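A.B. asks: Next one to model:
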Amino acid sequence: LRRGSALAAAILAPLVIVALVTGPLHARTRVWNAKAFRDTLTGQIVRNNGATRGIASFAGSGSGRQRVLVRADLLVSPTSLLSTAFQMEYLPSGSLCRGTVTRVGGYSFEATCLLAGGQRRFVHAQWRANPDTQLAGIVSAHA
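C.D. replies: Model (predicted):
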């Protein structure tokens with residue numbers, strides 16, 4: 001009986017270790033400058049309105065497998081969108097993707113940017129309205 005127990009333990013021990021390492025103890029690696037991702041977004045919008053022009057700025061962070069910092073700035077007049085700027089920083093590498101906001105919705109925006117090597121990213125951010133100043137939603141990007 002001892003011999004059978006020892007044999008069973010010798011067979012089961014490696015299986016248990018493999019199950020733990022590939023399951024609950026599996027280390028989740030972060031993506032590095034992903035071409036495509038979809039992650040949670042938290043952020044804040046700040047508005048500064050003047051008599052003839054105003055600025056609306058969104059600053060937020062995407063967290064999940066690909067961490068990013070996102071900033072979108074809009075220069076607006078009472079009747080139109082005058083200019084936009086967009087920047088997404090990949091973390092932890094610090095690679096910057098710079099471009100413009102291409103569409104603005106009530107609780108969303110889309111942007112196009114270029115990395116230093118010329119790779120294009122299309123970015124979509126959307127959130128739900130919150131009574132406080134923090135926004136929560138999703139950010140996604142694809143090549």
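A.B. asks: So the residue lying closest to Asn130 once chain neighbours are set aside versus Trp32, what's the distance?
C.D. replies: Of all residues not flanking Asn130 in the chain, Ala136 sits nearest, at 6.6 Å (C-beta to C-beta, 6 or more residues apart in numbering). (Glycine included, C-beta is placed from N, CA and C.) Per C-beta to C-beta, to the nearest Å, Ala136 is found 25 Å from Trp32.
A.B. asks: Partner strands of the strand or helix carrying His124, with direction?
C.D. replies: Element membership for His124, per DSSP states H and E: strand 120-128. Strand 120-128 pairs in its sheet with strand 108-115 (antiparallel), strand 134-142 (antiparallel), by DSSP bridges.
A.B. asks: how about it: buried residues?
C.D. replies: Across strand 120-128, burial judged by 16 or more other C-beta atoms under 10 Å covers 121, 123-127.
A.B. asks: Reformat these into CSV and put distance to Phe58 and pLDDT next to each item.
C.D. replies: Putting the buried residues of strand 120-128 into CSV (distance: C-beta to C-beta, whole Å; pLDDT from 0 to 100) gives the following:
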residue, distance to Phe58, pLDDT
Arg121, 17, 98
Val123, 11, 98
His124, 13, 98
Ala125, 7, 97
Gln126, 11, 96
Trp127, 9, 94
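A.B. asks: Dump those residues into a markdown table; add distance to Ala111 as well.
C.D. replies: Shown next, in a markdown table, are the buried residues of strand 120-128 (distance: C-beta to C-beta, whole Å):
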| residue | distance to Ala111 |
| --- | --- |
| Arg121 | 8 |
| Val123 | 5 |
| His124 | 8 |
| Ala125 | 8 |
| Gln126 | 12 |
| Trp127 | 14 |
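A.B. asks: Right, I'll leave it there.
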